[in-house]
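In: whatever this is, show me its structure:
(2 chains)
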There are 2 protein chains.
Amino acid sequence: MCEHKNTFVNSFKQFLNNIHPISDQDFNAGFRLFQEVNLLKGEYFVQQGEICNQIGFVVEGTLRIFSSNQSGKEVTTCFCTKHKTTTSYKSFIRQEPSEFAIQTIENAQLLTITSGDIEKLYQENEAWSIIGRRLMEREYLVMEGYAVMLNRESAKEKYKKMIQDMPGIIQVAKIEDLASYLGVTRRTLTRIREEILHER
Amino acid sequence: MCEHKNTFVNSFKQFLNNIHPISDQDFNAGFRLFQEVNLLKGEYFVQQGEICNQIGFVVEGTLRIFSSNQSGKEVTTCFCTKHKTTTSYKSFIRQEPSEFAIQTIENAQLLTITSGDIEKLYQENEAWSIIGRRLMEREYLVMEGYAVMLNRESAKEKYKKMIQDMPGIIQVAKIEDLASYLGVTRRTLTRIREEILHER
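Out: Next up, the predicted model:
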């Protein structure tokens, strides 16, 4: 196994271990079902309307989750960064067409597994099953934090929270996608950025 | 066992069975750990700042999840209705003070289990462990739907979606709590209600 491969296997194992302790044997039982996928900037992990049959662990890079309405207006609802998972959960869980597209906003490297394989893995291996539940708990808390931020915070508070929680995103995402994620207009976000710059 | 008790045990079993098939033996292994809790309208399931040590299955009634800021302004982020679960997940999972309060908005009957007991149950019983993961998946999808609604829909679309998804809530919740949940002002919600009335 080359050194590069070794590094990303270890980073994935560390990610799982942080969720729940997993032995080498249990890790290997699952890891053989994962595929390495490399996507260039702008490529899609899943298209809107397609069934999302895979969940991916982001080894490197960033992806954006968004939906387009009939007039082509895009609403961004998530950014998936390094060492996070990415999928269109509703589509993945229910095997129905995805409401969302997932596209890279910089070159990305993923470890992916199909819904069939992970479901089998959960049934056969207790450590992976616990990891699966804990992972959903984490994803729930991230989504709850997002909903609460959308409903409770002012535009400026939302942007400040974003700088704090996802500092890397500001560097790689387009301003209109950041604004859309925060539920504010591009103009508002530009104004807020200038205000914050002057506060420093 | 009296008839009333029988009815709500069956309704809980049905709820679990809809998530994942569970045998009588597995059901009973878990059910003995649940407590029946009755709350009058206005009573709290958990107070903001308290550690939420329990998850509840709502047999009857409705609860509201909200947080208050320093000036006492309340933001409602969830309504928990009959045959749904209720807890302050972050507090429950991490055993830290709850950001939210959970209060009944009509008399409620719950089946509750402590975080310690459910964690043990997940470890000892595979059926309950699968149910736990599926339950988190469901809760995630509900929260994702809420976040997407907040970010993507117009005020009127949001209210129409609410009438469709949670028709009972409109009857029991205060208009300011409905408005807060939808992220609109009370005045906007009143206007929308009148518009919808005239459309019929």
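In: how about low-confidence regions in chain A?
Out: Along chain A, the parts satisfying pLDDT under 70 run over A:1-5.
In: does the longest helix along it reach chain B?
Out: Residue-count comparison of every helix in chain A, with assignments taken from DSSP state H, identifies helix A:126-152 as the longest. Yes - interface with chain B: helix A:126-152 contributes A:126, A:129-130, A:132-133, A:136-137, A:139-141, A:143-144, A:146-148, A:150-152 (Cβ under 8 Å from any Cβ of the partner chain). From N, CA and C alone the C-beta is placed, and that goes for glycine too.
In: and stretch A:18-32, by the same measure?
Out: No - remark: stretch A:18-32 sits outside contact range of chain B, by Cβ under 8 Å from any Cβ, the gap being at least 11.0 Å.
In: list the buried residues for that stretch?
Out: Within stretch A:18-32, the residues that count as buried by 16 or more other Cβ atoms under 10 Å in any protein chain shown are A:19, A:20, A:22, A:26, A:27, A:29, A:30, A:31.
In: and if you look at stretch A:99-115?
Out: For stretch A:99-115, burial by neighbour count (16+ other Cβ under 10 Å) applies to A:99-106, A:108-113, A:115.
In: CA atoms only: put the helix or strand following the longest helix of chain A into PDB for me.
Out: Tracing the chain C-terminally past helix A:126-152 and defining elements by DSSP states H and E, one meets helix A:155-165 next. Extracted in PDB, the C-alpha atoms of helix A:155-165 (Å, rounded to 0.1, in the frame of the first residue of the first chain):
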ATOM      1  CA  ALA A 155     -27.900  38.100   9.200                       C
ATOM      2  CA  LYS A 156     -24.700  39.300  10.800                       C
ATOM      3  CA  GLU A 157     -24.800  36.700  13.600                       C
ATOM      4  CA  LYS A 158     -25.400  34.000  11.000                       C
ATOM      5  CA  TYR A 159     -22.300  35.100   9.100                       C
ATOM      6  CA  LYS A 160     -20.200  35.400  12.200                       C
ATOM      7  CA  LYS A 161     -21.200  31.900  13.200                       C
ATOM      8  CA  MET A 162     -20.300  30.600   9.800                       C
ATOM      9  CA  ILE A 163     -16.800  32.200  10.000                       C
ATOM     10  CA  GLN A 164     -16.400  30.500  13.300                       C
ATOM     11  CA  ASP A 165     -17.700  27.100  12.500                       C
END
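In: mind giving me the packing neighbours of helix A:155-165?
Out: Helices and strands in packing contact with helix A:155-165 are listed as helix A:126-152, helix A:167-172, helix A:175-182, helix A:186-199; criterion 3 or more Cβ pairs under 8 Å, 6 or more residues apart in numbering or on different chains; DSSP states H and E.
In: which other residues reach that helix?
Out: Contacts to helix A:155-165, defined as Cβ atoms under 8 Å, 6 or more residues apart in numbering or on different chains, come from residues A:149-150, A:153, A:169-170, A:178, A:181-184, A:188-189, A:192-193, A:195-196.
In: coming back round to it: can I get the helices and strands packed on helix A:155-165 in a markdown table including distance to residue A:42 and mean neighbour count?
Out: Conversion of those to a markdown table gives the following (distance: least, Cβ to Cβ, whole Å; neighbours: other Cβ atoms under 10 Å in any protein chain shown):
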| stretch | distance to residue A:42 | mean neighbour count |
| --- | --- | --- |
| helix A:126-152 | 24 | 20 |
| helix A:167-172 | 12 | 13 |
| helix A:175-182 | 13 | 20 |
| helix A:186-199 | 21 | 13 |
